[in-house]
Structure formats: C-alpha cells, structure tokens
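Participant: need the 3D shape of this:
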Amino acid sequence: MASRTALIAAAIIIIIIVAGVAYYYASKGGGKTATSPATSTPPATTATGATTPSTTPATTSSPAAPPTPELTGNVEKDIVSIGKYLAYHGIHEARFSVASAGDPNSVMRVYAIVEAAYRLNKILEQNGVDFKIVIKTDFRRGGGDKLAQDFETAFQANKNPDIMANSYKWIARFAEEGYILDITPYVDKYQSFISDFYPSLLNAVKWKGKYYGIPQDTEARPLYWRTDVAACIKKKTGIDILANLYDKVKNGEVTWHEVYKYAELAVKNGCSKWGVLHRKGSAHPDLMQFIFAFGGELEDPKTGKLVVDVPAVYKWLYVEWKMAREGLIPKDMMSWDWAKQIHPAVVCGKTLIWIGGTWHWTEWQTKPYCKGRPLTAEEVKKYFYYTLFPAGDHGDKPVTLSQPFVWMIASNAGKDNKEYNKYKDVYHMLAFLLVVKASDPDLIAIHSIISAHLPVTKKAAALINNKTWVQKLANLEIQLSPEVKNAIASIVKKTVNEINVEFLANASKMLEYTKLTPMHPLYPKLADIFRDAVNYVLLGEMTPKKAVEYIISKVKADPELSKAVEIKGEIPKNWQFP
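Facilitator: As a prediction, this is how the structure comes out:
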C-alpha cells in the first residue's frame, strides 16, 4: 500500500512539473516561437481538412542577406541596393577621394563629387539605409600634368585619389598601365545617362573601343585681342584691325602673317609692350594649334601612329623665333609666372594678343590681376575682343582646340575602405554612381557658367539658356549642399550674369572648328619634346631648322617614340614669313 501511495505521489509531482513548464512557455509568447515567414513550418493537415500541431519545432533566423548589387541604370535603386548590401555586412561608411586641377573658378571639378555624395546620402537617408559616403578633396591651381604625374607615382604606393578629373589625353596611357577602371559594363547599363553627352566628346573618353571616363567639361581656345590697344593702333596709324575681324579670321583672310604685322604695329607704335603672349611651361595643348593652323597633323588616322609634321612644326617654330627676335614676345615666355607676370600683363593691357582659353573670361573677373582688383564682367567685355585661332598661311583654315576634362575612376577606387578586397566590385560601382550624380545637368551648368567652360550635355546647355534658372543661380536659390554652396558663393556672385552667358553661347559656336590632340599613350612624351624646342627658339639658343632637327633626333633616340612616331615632310624651302 505504501509503495502504491508513493507511485501516485510521484505521478502527481511529474504532472505538476509538466504543467508548470507548459505554463512557463505559454506565458513567453502565446505558446508560439517567433519565426520568419520563410522558415516557419505549416501545421499538418488531416484528410478531413482539420489541422494538427506540427511535430517540427519552430526556429529563429536572421533576415536574408541582400543580393550582390548589380547596376540597373536607375541611380536611386542602385545606391539603395549598394547601401543595404554594405550595411548588412557591417560597413556603414565609404570614403572616397577626388582630385583635380585648373583655373581658380574650376572648383566644381572636385565639388561636384562632394555634391554627388550629398545627394546620394539623401537618397539613402530617405530609404532608411544606415550607410553614408564621405569625400576628401584635392584641388590644385594650374594644369593637370603635375596632378597626373603625382597620380601615377601615388598609385604605386596605393595612395592615389579614387576619382580624378583631368585631361582626356591621359586616358590611353593610364588605361594601358591599368591605373584606371574600364567602366564599359557600367556605361552599358546607363545608356539614358550617356546618351545626353555630345557624341564627339564621348570619343575622348574611349580607348580601344572601351569607356575609361565620363566627360566633365570642354572648352575652346580663342585669340583674345585688347580693344584699347587696337584703338591706339587705329589712332596712330589709321588702321582699324578689329573691323570685321571675327569674320576675316573665320574666312581665312587674316592669318598669322597678318597677326604678326598687327603685333608689330602695337609694339612699334608704343601701344603695348608686347604683341603676343601665350602659355608657359608646356606646348600642350594651346600651342599645338599652330600645327593644325598650318595644315599639319599630330596623328595618322590610318596607322594610329603619332606624327611629327615637319613643314607645320617648322612654320610654328619660325613664328615663335621671329617674334622673339623682334621683341614681340618675351624670350623667356616659357618660364613666366602665371599669376605674377602672364595674367597681369594681359589684364593690364600690356599685350595686343593673348592666346588663351574660354575659362580666362571669368577668371579675370575673380582674380585681382591688375591694380589690386578683378575686372567686372562689363570691363572684360569692353577690353577683350575674341576670334578663332587664325589660319597659318593663306589657304589654310582657322582652328580652335578643345581639351575635355574627364572623370577617371582609379582601378583601386575604394581601396581605403573596410574589406576592400572582398567588396572591391561594389566600391567600384559606388565610385561610378558618384560620377553619374556629379554629372547632373545643374552641376555641369554651374561649372560651365562660373568657369566659362562649355557644357558637355544637352540638358546642361538647356539650363544655361534658361534665364529663370540662371537668375536663381545668381541668387544662390538652388538646391545645393551647404558645403558646396559656401565654396562657390563668392565665384557665383562675380560670374553669373548675362554677359558671361552670352559669351558661352558665342564661344560654343567655335566648337565647329575644334581639334583634339591625340589620345596616344606616348603623346605626352612627344609634347614635352615640342615644349623644349619652343623654349630653345624663343631664347635664341636654336634656329627653327635646328629645333626641328632636335625634335627628330630626340624621337629617333627614344626606343618607344622611334616605333610610335612617323616623321613626315621636309622643311619648306621657299616659304617666307611674315
């Protein structure tokens, strides 16, 4: 009996324990374990349709990992996809650096990327994605050659900028060396984006049929004529050199023979100290116009080789040599300082002619190059007449030259971010999206107006012609991040006006006559030899004939150039100048 009583007591205790456990789990969640819809087990169904509890215990799982991002051509969709993917993997911030160079007003060559990050971050925030982009900028005053050289050196140490806006001339070389990204697969997805760019400019970002960049800006290179110096010439000689000058240059009636004579009139009559001034330190790109103006070429389209066009190069060097011997151009022109000598001489009217670029039009309105202050837009229009670069000889054609700046993405873009090697492709896509947003029509239009560069897309050109939008820009009543708005405020105040918009419209017509220098990877090396030859003839250390022989000898002595360059033609025997 005692044993039976013990058994009954034990059973009661077990029942109480089981009931207690059941009550505990019921109180923790209604008797059910939390599950994701994709992993819960449905209840079993009987033949009569009644359900019975599942015998498989429910389990808890994490949200499914987002798929590996692929570009679709939709910026908002793509940035959200990338942001969610990286955030899921514990990466909540991506840092990129951008570098560029140029005149003081061309700061949008870096700030457009800053603004692009701001706009992409806004999209991420609006979609609740815990991810952001941070940009570091490096903008330098001057040309892009030093920047390109620094990029190349830094790449070896993995310290290069992730994105660079620089001359298209570097694309071939950097593509061959593997320094920049082949973005063709991305461009293929963004056809509606790329179709808004002018077709001729897209050729400047391709190498061997593949895209290695996106156009950032372009320009023309006018010949600027000081109207006050021309007025002095007219007063002292009765010769009105500006009468119908634009059309005379366009029609080939005024060539470099006439330019020389006009420069001589200016100097000999005491109307200006110099007749002609041009850039320092490099023959590319401005001075290459002489080769085209004298009917020459720099590249053979059939062979793809670079060309030393001997007749055209000789004539170019002779013009430089002759002007320097007669005191019409400084002998040490190639070593003048931009801010201390070149621009002060041009802006203060110490030369009749300046071989310049469209961007100088607004640069003179923002930098105090003369008498301690910048010129106003009205003064620039008053003092500077502009034409195409004249033909070399009668029978040749006038030209201008464009050097599009382009966005290039380093092949190691994103290298400074977490787990770069694992997510390299994603960081590359993110860098591309930054360039896409930096190419928003309003950002291109802003850069064009404040720096007097020409727009690279049709939508940007339409904005520039929209007076309402231009007025909003002038008042800074446009959607920009505080950082970018503050960075360009002083430039906008001085440059956004009807005079400058009219100048852009007129300068854009010059693109009908524009030339591009070769994209050949060895072109920069050849251009450096031309630079040295120009300096030698200006200084009087070589005659034009000796300088041509010097160029040829340098080309033949270089193992790479000797295979890549054709020497065409001979020094003309009966040619006279002026």
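Participant: ranges for the helices of the stretch 451-578 of the chain?
Facilitator: Ranges of helices in the stretch 451-578 of the chain, per DSSP state H, counting those that start in this stretch, are 458-464, 467-474, 482-495, 498-508, 523-539, 544-557, 559-564.
Participant: next: the stretch 251-400 of the chain.
Facilitator: With DSSP H, counting those that start in this stretch as the criterion, the stretch 251-400 of the chain has helices at 256-268, 289-293, 310-325, 343-347, 360-363, 377-383.
Participant: tell me which of the ones you listed sits nearest to residue 227.
Facilitator: Closest to residue 227 of the helices of the stretch 251-400 of the chain, according to Cβ to Cβ: helix 377-383, at 5.6 Å. Every C-beta, even on glycine, is put in place using the N, C-alpha and C of the backbone.
Participant: export the closest one to CSV, keeping only CA atoms.
Facilitator: C-alpha atoms of helix 377-383 as CSV (Å, rounded to 0.1, in the frame of the first residue of the first chain):
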residue,chain,number,x,y,z
ALA,A,377,32.1,91.4,-66.5
GLU,A,378,31.4,94.7,-68.2
GLU,A,379,35.1,95.5,-68.3
VAL,A,380,36.1,92.1,-69.7
LYS,A,381,33.5,92.6,-72.5
LYS,A,382,34.8,96.1,-73.1
TYR,A,383,38.5,95.3,-73.3
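Participant: point out where the stretch 1-150 of the chain drops to low pLDDT.
Facilitator: The stretch 1-150 of the chain contains residues with pLDDT under 70 at 1-61.
Participant: would you map the helices across it?
Facilitator: Remark: helices assigned in the stretch 1-150 of the chain by DSSP H, counting those that start in this stretch are 2-27, 75-88, 108-126, 145-156.
Participant: okay, the closest residue to residue 442 other than its chain neighbours and residue 504: tell me how far apart.
Facilitator: Leaving aside its sequence neighbours, residue 442 sits nearest to residue 463 (Cβ to Cβ, 6 or more residues apart in numbering; 6.2 Å). Computed as Cβ to Cβ, to the nearest Å, the residue 463 to residue 504 distance reads 12 Å.
Participant: where does this structure dip in pLDDT?
Facilitator: 1-61.
Participant: domain ranges for it?
Facilitator: Using automatic domain parsing, the domain ranges for the chain come out as 75-218+404-494, 223-401+514-568.
Participant: mind putting these in a markdown table, mean neighbour count and distance to residue 574 included?
Facilitator: Formatted as a markdown table, the domains of the chain follow (neighbours: other Cβ atoms under 10 Å; distance: least, Cβ to Cβ, whole Å):
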| stretch | mean neighbour count | distance to residue 574 |
| --- | --- | --- |
| domain 75-218+404-494 | 20 | 35 |
| domain 223-401+514-568 | 19 | 12 |
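Participant: any chance of these in a markdown table with distance to residue 575 as columns?
Facilitator: As requested, those are exported to a markdown table (distance: least, Cβ to Cβ, whole Å):
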| stretch | distance to residue 575 |
| --- | --- |
| domain 75-218+404-494 | 30 |
| domain 223-401+514-568 | 7 |
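Participant: looking at those domains, spot the one closest to residue 68.
Facilitator: Here domain 75-218+404-494 is closest among those (Cβ to Cβ), at 6.8 Å.
Participant: what about the closest one, how long is it end to end?
Facilitator: This stretch, domain 75-218+404-494, spans 34 Å end to end (Cα to Cα, to the nearest Å).
Participant: need the contact partners of stretch 333-340.
Facilitator: Stretch 333-340 has contacts (Cβ atoms under 8 Å, 6 or more residues apart in numbering) with 142, 277-278, 280-281, 324, 330, 342, 367, 369, 531, 534-535, 538.
Participant: same question for stretch 552-562.
Facilitator: Outside stretch 552-562, the residues that reach it (Cβ under 8 Å, 6+ apart) are 306, 308, 310, 522, 525-526, 529, 532, 565, 567.
Participant: how long is it from one end to the other?
Facilitator: Stretch 552-562 end-to-end distance (Cα to Cα) = 9 Å.
Participant: still on that earlier bit, of all the helices of the stretch 251-400 of the chain, which one is nearest residue 192?
Facilitator: Here helix 360-363 is closest among the helices of the stretch 251-400 of the chain (Cβ to Cβ), at 31.3 Å.
Participant: now what about the closest one, what contacts it?
Facilitator: Contacts of helix 360-363 with the rest of the structure, by Cβ under 8 Å, 6+ apart, involve 103-105, 224, 343, 346, 354, 380, 384, 449-452, 491, 494-495, 500, 503, 507.
Participant: try stretch 375-384
Facilitator: Outside stretch 375-384, the residues that touch it by Cβ under 8 Å, 6+ apart are 224-228, 347, 349, 361, 364-365, 494-495, 497, 499-500, 503.
Participant: could you rerun that using 6 Å?
Facilitator: With contacts defined as Cβ atoms under 6 Å, 6 or more residues apart in numbering, stretch 375-384 is touched by 224, 227-228, 364-365, 497, 499-500.
Participant: closest one to residue 405 out of the residues you listed, please.
Facilitator: Distances from residue 405 to the contacts of stretch 375-384, taken by Cβ to Cβ, are shortest for residue 500, at 19.2 Å.
Participant: would you agree the residue nearest to residue 442 is in contact with residue 469?
Facilitator: Yes. In this structure residue 463 lies within contact range of residue 469 using Cβ atoms under 6 Å: 5.3 Å.
Participant: common neighbours of those two, please.
Facilitator: Contacts common to residue 463 and residue 469, judged by Cβ under 6 Å, 6+ apart, are absent.
Participant: would you map the strands across the stretch 351-500 of the chain?
Facilitator: For the stretch 351-500 of the chain, applying DSSP state E, counting those that start in this stretch gives strands covering 351-355, 384-387, 400-401, 405-409.
Participant: a markdown table for those, including distance to residue 425?
Facilitator: Output for the strands of the stretch 351-500 of the chain, formatted as a markdown table (distance: least, Cβ to Cβ, whole Å):
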| stretch | distance to residue 425 |
| --- | --- |
| strand 351-355 | 45 |
| strand 384-387 | 47 |
| strand 400-401 | 38 |
| strand 405-409 | 13 |
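Participant: of the ones you listed, which is nearest residue 128?
Facilitator: Once these are compared by Cβ to Cβ, strand 405-409 is nearest, at 28.1 Å.
Participant: that closest one vs helix 145-156, what angle?
Facilitator: Relative orientation of strand 405-409 versus helix 145-156 (axes from the mean of the first three to the mean of the last three Cα atoms, to 10 degrees): 10 degrees.
Participant: show me the contact partners of strand 405-409.
Facilitator: Contacts for strand 405-409 (Cβ under 6 Å, 6+ apart): 163-165, 168, 180-181, 205, 213-217, 431, 435.
Participant: farthest pair in those?
Facilitator: 181 and 217 (20.4 Å).
Participant: let me know whether residue 162 touches residue 415 as I believe.
Facilitator: No. Using Cβ under 6 Å, residue 162 is not in contact with residue 415, being 7.3 Å away.
Participant: quick check: neighbours shared by the two?
Facilitator: Overlap of the contact sets of residue 162 and residue 415 (by Cβ under 6 Å, 6+ apart) is empty.
Participant: ends of stretch 188-203, how far apart?
Facilitator: Distance across stretch 188-203, first residue to last, is 15 Å (Cα to Cα).
Participant: my error: substitute stretch 375-391 in the last question.
Facilitator: End to end - Cα to Cα - stretch 375-391 spans 30 Å.
Participant: how distant is that stretch from the center of its chain?
Facilitator: 25 Å (Cα atoms, centre = their mean, to the nearest Å).
Participant: next: stretch 504-520.
Facilitator: A distance of 16 Å separates the centroid of the chain from that of stretch 504-520, by Cα atoms, centre = their mean.
Participant: if we can go back for a sec, ok, the contacts of stretch 375-384 vs residue 517, which is closest?
Facilitator: Nearest to residue 517 out of the contacts of stretch 375-384 is residue 224 (Cβ to Cβ; 21.2 Å).
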